[in-house]
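Asker: need coordinates for the following:
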Amino acid sequence: MRVTGVIQAGGKSTRMGGEPKALLELGGRRIVERVLDAVRPVVDDVLIVTNTPALYGFLGVPMVADVYPDHGSLGGIFSGLRAVSGDAAFTVACDMPFLHPDVARLVIDRAGEADVVIPRVGEQLETMHALYAKACLPHIETRLKAGRLKIVGFFADVRVVEVDQAAVARVRPPEVVFMNVNTPDELARARALAARLG
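Answerer: Residues are numbered from 1 along each chain as shown. This is a model prediction of the structure:
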C-alpha cells in the first residue's frame, strides 16, 4: 500500500499572533523541518497542504491548496487525501515538533486494516497524527458541504482501527510526541523540552 505523508500547514496561527507556527525555530531547526524529518523516513512521498506556498518552497516538497478554504482541519485532511497519488495519507500537523518516526510507523504499519488508523490517548483521538485511506473521501466531502467540520464526525461511516496509548508510550511519552505549539507559552515549553531531549 502506497502511503503519502501529508503535512497540514493551512492554519492562520492566530494564537501565535499570525506568525506561521511551522516556521518558528526550535532546537536549531524550524518546526516544519522537524516534522518533515520525522515523517519522510516512513512514507513513500510527502506533500504539504498550504494556502501560502511561498513560505514553504524552501522545503522542496510538493504543495496543494485547500479545496474547501476556511473549512478547518477536516478541509485540510480532505485536500491532502484527494491529492495523494497512492492509497492513503498519513496526516500530521505542521506544529508538532516532537513527532517520532517509530510512532508514525505504529500507524502506517496498520494501513490496509481500516480506512482510518489513529492513536488514542485517554479520551483523545489524535486526528492530526492519523492515516486516512481514499475510501474516506466521499464521507469527508459530505460533511464539508454540510459545514459539519468535526473530524471524528465521519468515523461512524468508515472502518477505524485505534493504536493504543501503551504502544506509543514505549517509544516516547504521548504528551511529548503529540504536543502542539499553538501559543507563545507552548513555544517556550517546547524549546525547553527540546533542549532537554537534545
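Asker: what about the helices in the protein?
Answerer: All helices of the chain, identified by DSSP state H, fall at 31-39, 72-83, 101-108, 137-145, 165-169, 174-177, 184-197.
Asker: how about the nearest residue to G75, chain neighbours excluded?
Answerer: Closest residue in space to G75, ignoring its immediate chain neighbours: Y68 at 4.3 Å, by C-beta to C-beta, 6 or more residues apart in numbering. C-beta here means a position set from N, CA and C on the backbone, and glycine is covered the same way.
Asker: going by mean pLDDT, which of the helices of the chain comes out lowest?
Answerer: Mean pLDDT is lowest for helix 184-197 out of the helices of the chain, coming in at a mean of 93.
Asker: and the angle for it with helix 31-39?
Answerer: Angle, helix 184-197 to helix 31-39, by axes from the mean of the first three to the mean of the last three C-alpha atoms, to 10 degrees: 50 degrees.
Asker: where does the closest residue to V46 other than its chain neighbours land on pLDDT?
Answerer: Spatial nearest neighbour of V46, chain neighbours left out: G5 (4.3 Å); criterion: C-beta to C-beta, 6+ apart. G5 carries a pLDDT value of 98.
Asker: mind listing what G5 touches?
Answerer: By C-beta atoms under 8 Å, 6 or more residues apart in numbering, the contact set of G5 is V39, R40, V42, V43, D45, V46, L47, A89, F90, V92.
Asker: can you tell me how far the nearest residue to the first one once chain neighbours are set aside is from G80?
Answerer: The one in question is V39. In space, and not counting its chain neighbours, V39 is closest to G5: 4.0 Å by C-beta to C-beta, 6+ apart. Using C-beta to C-beta, to the nearest Å, one gets 9 Å for the distance from G5 to G80.
Asker: ok, R170 next?
Answerer: 28 Å.
Asker: got it, and R148?
Answerer: For R148, the distance to G80 - C-beta to C-beta - is 19 Å.
Asker: again with L55
Answerer: Distance, L55 to G80, by C-beta to C-beta: 17 Å.
Asker: ok, those two, which is more surrounded?
Answerer: Applying other C-beta atoms under 10 Å to L55 and G80 shows that G80 carries more neighbours, namely 26 against 16.
Asker: can you pull the contacts of that one?
Answerer: Applying C-beta under 8 Å, 6+ apart, the residues near G80 are T4, V6, Q8, L47, V49, V64, A89, T91.
Asker: at 7 Å what do you get?
Answerer: V6, Q8, L47, V49, V64, A89, T91 (C-beta atoms under 7 Å, 6 or more residues apart in numbering).
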